[in-house]
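> mind folding the following:
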Amino acid sequence: MVAFTEKQVALVKSSWEVFNSNIPQNTHRFFTFVVEIAPAAKDLFSFLRGSNEIPQNNLDLQVHGGKVFKLTYEAAIQLGKTGVVVTDARLKNLGSIHVIKGVIDPHFEVVKEALLKTIKEVVGDKWNEELSTAWTVAYDELALVIKKEMKNSAA
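Numbering: from 1, shown residues only. Down below sits the predicted model:
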């Protein structure tokens with residue numbers, strides 16, 4: 001298990017609360033980064049497919065983006081206690097959904113880069129190496145769990 005301090009949990013929690021205070025704007029920002037980093041990734045999302053721009057005020061986009069950040073936040077909370085564990089059908093289901101959608105390992109790196117850029121913009125001058133590391137570790141641990149579930153569902 002990765003060592004994750006109470007301070008790291010607090011950093012993720014406080015920055016997640018700032019992110020969560022404006023879901024429409026922040027999820028739009030997140031998907032803008034995803035498409036800037038990997039334009040072809042747009043086709044993995046039904047709400048982006050066939051569009052030349054990231055739609056404003058799209059509920060599906062907001063829900064999906066919000067889930068990415070919430071699951072990473074929840075992974076940080078779990079890391080502060082026991083490590084990221086698959087405790088509900090939601091994470092198990094994420095594995096099979098990602099397999100069906102054609103998600104592959106490099107896509108996780110794109111999402112991580114976009115997630116970190118989004119948090120950096122959201123928190124502004126509160127951004128620092130410690131905050132970056134906390135989000136990175138939480139996301140990486142969550143990604144490992146999802147990838148494991150992807151392998152289980154593909155088997």
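> residues touching Ala41, list them.
34-35, 107, 110 (Cβ atoms under 8 Å, 6 or more residues apart in numbering). (Glycine included, C-beta is placed from N, CA and C.)
> residue nearest the centroid of the chain?
Val68 (3.4 Å; Cα atoms, centre = their mean).
> next one: the helix or strand that contains that residue to chain centre, how far?
Under the criterion of DSSP states H and E, Val68 resides in helix 59-79. Mean-position distance between helix 59-79 and its chain equals 6 Å (Cα atoms, centre = their mean, to the nearest Å).
> what does that helix contact?
1-2, 4, 8-9, 12-13, 16, 19-20, 23-24, 26-28, 30-31, 45-48, 54-55, 84-85, 91, 111, 115, 118, 134-135, 137-139, 141-142, 145.
> tell me the buried residues in that helix?
Buried positions in helix 59-79, judged by neighbour count with 16 or more other Cβ atoms under 10 Å: 61-62, 64-66, 68-69, 71-79.
> which helices and strands does the host helix or strand of Pro106 pack with?
Here Pro106 sits within helix 105-123, counting by DSSP H and E. In terms of contacts (3 or more Cβ pairs under 8 Å, 6 or more residues apart in numbering; DSSP states H and E), helix 105-123 is packed against helix 6-20, helix 23-37, helix 59-79, helix 129-154.
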